[in-house]
Structures are given as structure tokens and as C-alpha cells.
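1. Pasting the sequence and the predicted coordinates here, then a few questions.
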Amino acid sequence: MTMPSERPTTGQRPASNDLVTRFFGGPPLSVIFRLLLLSILIGVILEVLGLDPWNILHSLRALIQRIWDMGFDAVKWLWRYLLLGAAVVVPIWLIVRLLRAAKG
């Protein structure tokens with residue numbers, strides 16, 4: 001018989017999973033998906049402002065230029081906005097997560 005103050009051990013997650021979930025601020029796949037969508041949105045906004053992600057990632061452009069030339073225009077369009085948005089979203093998200101981890 002268990003005491004009222006004791007919790008049953010079934011259904012508990014491993015401690016490492018709890019740390020990952022706490023760091024991400026939720027389920028990792030869900031957070032990553034939201035970051036991707038937010039990165040695309042911010043990328044579109046920054047593109048309207050005239051910023052170009054290829055200045056940030058010039059070395060990668062030469063590496064993957066041939067892939068884009070093969071007809072992946074839709075992927076190029078999405079990748080461009082993803083990179084531009086992620087250049088802003090991911091560092092801000094990481095700083096916020098690290099600040100929250102330092103407090104808690």
C-alpha cells in the first residue's frame with residue numbers, strides 16, 4: 001500500500017528527458033517545429049526590409065549552388081527565408097532559454 005504523499009513510479013520519464021524538455025521549454029520536436037515556422041515568418045519580414053541571408057552564409061552558397069540550379073526553386077525560396085529568420089530567431093531563443101535556466 002502506498003502512502004498518500006508518495007507518487008507511483010509508473011509513467012515517470014527519465015531525468016535526461018526532463019532536462020531536455022525543460023531546456024527547450026516544451027517537447028523538443030514541437031519547439032523545433034515552432035522555431036522553423038517563426039524563422040520563415042521572420043525571414044519574410046527581413047527580406048521585405050532588404051536584408052539578404054546570403055551575406056551571412058556566403059561560404060554555404062558556393063557549396064549548394066549546384067543543387068539549387070537543378071530546379072529546386074521552391075526549396076530555395078523556403079530555405080532563404082528559413083535561414084534569414086533563423087539567424088535572428090535562434091540566437092534570441094537561445095539567450096532567453098539560458099537566462100531562464102540561470103534564474104531557475
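-> Received, thanks. Numbering: from 1, shown residues only.

2. Next, the buried residues of the host helix or strand of S30.
-> According to DSSP states H and E, S30 maps onto helix 28-48. For helix 28-48, burial by neighbour count (16 or more other Cβ atoms under 10 Å) applies to 31, 35, 38-40, 42-43, 46-47. The C-beta positions use only the backbone N, C-alpha and C, and glycine is treated the same way.

3. Stretch 75-94 now?
-> Buried residues in stretch 75-94, counted by 16+ other Cβ under 10 Å: 79-89, 93.

4. could you point out the longest helix in the chain?
-> In the chain, taking DSSP state H as the definition, the longest helix is helix 73-103.

5. list the helices and strands that one packs on?
-> Of the remaining helices and strands, those touching helix 73-103 by 3 or more Cβ pairs under 8 Å, 6 or more residues apart in numbering; DSSP states H and E are helix 15-24, helix 28-48, helix 53-56.

6. Next, the angle helix 15-24 makes with that helix.
-> Comparing the axes of helix 73-103 and helix 15-24 via axes from the mean of the first three to the mean of the last three Cα atoms, to 10 degrees yields an angle of 100 degrees.

7. average pLDDT across helix 73-103?
-> The average pLDDT within helix 73-103 is 86.

8. ok, now stretch 40-55?
-> Stretch 40-55 shows a mean pLDDT of 73 in the predicted model.

9. and of the buried residues of stretch 75-94, the nearest to K103?
-> Within the buried residues of stretch 75-94, distances to K103 taken as Cβ to Cβ reach their minimum at W93, with 16.0 Å.

10. I'd say the closest one and L36 touch.
-> No: using Cβ atoms under 8 Å, W93 is not in contact with L36, being 11.6 Å away.

11. which SS state does G26 fall under?
-> coil (DSSP: H, G, I helix; E, B strand; the rest coil).
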